[in-house]
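Visitor: Coordinates only, no sequence provided:
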């Protein structure tokens, strides 16, 4: 039996991935599989890029609202559930369309994850203290000595990933990039078309700024307050927008600062997303937004050609 087709849409936040996925799904009997690490959580709405209820009613969606806000949800868990969804969609004779901007989740889905050593909370706390005393750049320098290849792929300010990479290298006694190559199980049974959105940077930043401001106008602070009261400082509330809303509620920053910092954080995140996806390779890049007619028409031709080939 030939491999089933799989379409993947990637790109930075606010680039129109949702619009493009809906366009393609309606034309090619597709079903959408979320690949955003915040959209998996229930009750986290305003600060996410989840399709709204109207959009979700147009075509079937998967891997949205599958975890409680106080539940740990890993890339490995995502990959397991997403692979199950892909298989079920293909069995129905429909086309799975994976959409999102969380690069690690996508890598886990398509390439598999290595079995790393268990977490060491004692080591993690020591590293956090070192970062607090000497800055995140200090962790990046440590990782560069332990695993230069991993250091080149992780942003110097991404404390969580730096700590995990250092932890894996120290606990296992070998570089994390060496472990990446061991025991990974790539996705099988599918042939994949990767489509990437790469719109004009200045216009993208304008969209990001408007979207971030609109989140606060729609009640992000109130939603954050409710979630904090119910669950405390859970994982979704460390994400962009929620983090700044929580800082405002704690009296650490003003509302204007919260909006500005959320906008800046989303712009920086968009840069990191593009860096990640460009390094992945094998992407058909569309230099436009996913909601533009030209981008949709070009992508429709790409998908039609892909589906007709075996």
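Guide: Nice, I can see it. Note that the structure is predicted; figures quoted are calculated from it, not measured.

Visitor: what's the spacing between the worst-scoring helix or strand of the chain on mean pLDDT and its chain's center?
Guide: One helix or strand of the chain scores below all others by mean pLDDT, DSSP states H and E: helix 176-180, with a mean of 74. Offset of helix 176-180 from its chain centre (Cα atoms, centre = their mean, to the nearest Å): 21 Å.

Visitor: do stretch 155-174 as well
Guide: Here stretch 155-174 is found 19 Å from its chain centre; the criterion is Cα atoms, centre = their mean.

Visitor: how near is the spatially most central residue of the chain to residue 247?
Guide: Central residue of the chain (Cα atoms, centre = their mean): residue 102, 1.5 Å from the mean position. As judged by Cβ to Cβ, to the nearest Å, residue 102 and residue 247 stand 23 Å apart. For the C-beta atoms, the positions are set from N, CA and C on the backbone; glycine is no exception.

Visitor: what does residue 59 give?
Guide: Taking Cβ to Cβ, one finds residue 59 at 37 Å from residue 247.

Visitor: Likewise for residue 215?
Guide: Distance, residue 215 to residue 247, using Cβ to Cβ: 14 Å.

Visitor: With residue 3 instead?
Guide: Distance of residue 3 to residue 247, computed by Cβ to Cβ: 47 Å.

Visitor: And these two? Which one has more around it.
Guide: residue 247 (17 against 12; other Cβ atoms under 10 Å).

Visitor: my guess is that one meets residue 255, correct?
Guide: No. With contact defined as Cβ atoms under 8 Å, residue 247 does not count as touching residue 255 (10.5 Å).

Visitor: and for these two, which residues touch both?
Guide: Here residue 247 and residue 255 have no joint contacts, going by Cβ atoms under 8 Å, 6 or more residues apart in numbering.

Visitor: pLDDT score for residue 300?
Guide: As predicted, residue 300 sits at a pLDDT of 98.

Visitor: Please renumber the chain so that the first residue is 24 from this point on.
Guide: With 24 as the first residue, the last one maps to residue 323.

Visitor: Please read off the pLDDT at residue 138 from the model.
Guide: We have a pLDDT of 64 for residue 138.

Visitor: can you list the domain ranges for the chain.
Guide: According to automatic domain parsing, the chain comprises the domains 27-136+207-331, 144-203.

Visitor: Tell me which of those domains is the most buried.
Guide: Highest mean neighbour count among the domains of the chain (mean count of other Cβ atoms under 10 Å): domain 27-136+207-331, with a mean of 18.

Visitor: Between the two ends of that one, what distance do you get?
Guide: Start and end residues of domain 27-136+207-331 are separated by 12 Å (Cα to Cα, to the nearest Å).

Visitor: same thing with stretch 108-123?
Guide: Using Cα to Cα, the two ends of stretch 108-123 sit 15 Å apart.

Visitor: From the contact counts, what lies against the helix or strand hosting residue 302?
Guide: According to DSSP states H and E, residue 302 maps onto helix 278-303. Packing contacts for helix 278-303, counted by 3 or more Cβ pairs under 8 Å, 6 or more residues apart in numbering; DSSP states H and E, involve helix 126-134, helix 224-240, helix 265-272.

Visitor: Specify the angle between that helix and helix 224-240 in degrees.
Guide: Between helix 278-303 and helix 224-240, the angle comes out at 130 degrees (axes from the mean of the first three to the mean of the last three Cα atoms, to 10 degrees).

Visitor: Pull the distance from helix 278-303 to the chain's centre.
Guide: For helix 278-303, the distance to the chain centre is 12 Å (Cα atoms, centre = their mean).

Visitor: again with stretch 236-243
Guide: Centre to centre, stretch against its chain (Cα atoms, centre = their mean), the figure for stretch 236-243 is 21 Å.
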